[in-house]
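S.K.: can't give you the sequence, but here's the structure:
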């Protein structure tokens, strides 16, 4: 139970988005969350997993091809 649970506002700050984005992730069930009464809390590990799952690696550049 050493997991840190973040509010929607904290997740928005961490992701650099508006509050609307994490709320939409919760509504669409695209991220794990916990209901504590009427409050929504998102485990920090779920935010890290969301970031990892949506990270796009750059393509390898082809030699001799102009950009």
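M.R.: Sure thing, it's come through. None of the values given here were measured: they were computed from a predicted structure.
S.K.: for this protein, just list every one of the helices.
M.R.: 8-15, 20-27, 44-53 (DSSP state H).
S.K.: could I get the ones you listed as CSV with mean pLDDT, mean neighbour count and distance to residue 38?
M.R.: (Glycine included, C-beta is placed from N, CA and C.) Below are the helices of the chain laid out as CSV (pLDDT from 0 to 100; neighbours: other CB atoms under 10 Å; distance: least, CB to CB, whole Å):
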stretch, mean pLDDT, mean neighbour count, distance to residue 38
helix 8-15, 97, 16, 12
helix 20-27, 97, 16, 13
helix 44-53, 97, 14, 19
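S.K.: for those helices, which one sits closest to residue 34?
M.R.: Checking these against residue 34 by CB to CB gives helix 44-53 as the closest, at 9.2 Å.
S.K.: tell me what that closest one is packed against?
M.R.: strand 5-6, helix 8-15 (3 or more CB pairs under 8 Å, 6 or more residues apart in numbering; DSSP states H and E).
S.K.: okay, those in TSV with distance to residue 59 next?
M.R.: Formatted as TSV, the helices and strands packed on helix 44-53 follow (distance: least, CB to CB, whole Å):
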stretch	distance to residue 59
strand 5-6	33
helix 8-15	24
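S.K.: out of these, nearest to residue 52?
M.R.: With CB to CB as the yardstick, what comes closest out of those is helix 8-15 (13.0 Å).
S.K.: got a list of contacts for that closest one?
M.R.: The contact list for helix 8-15 (CB atoms under 8 Å, 6 or more residues apart in numbering) reads 6, 18-19, 21-23, 26, 40, 42, 47, 51.
S.K.: next, the angle from that helix to helix 20-27.
M.R.: For helix 8-15 against helix 20-27, the angle between stretch directions is 120 degrees (axes from the mean of the first three to the mean of the last three CA atoms, to 10 degrees).
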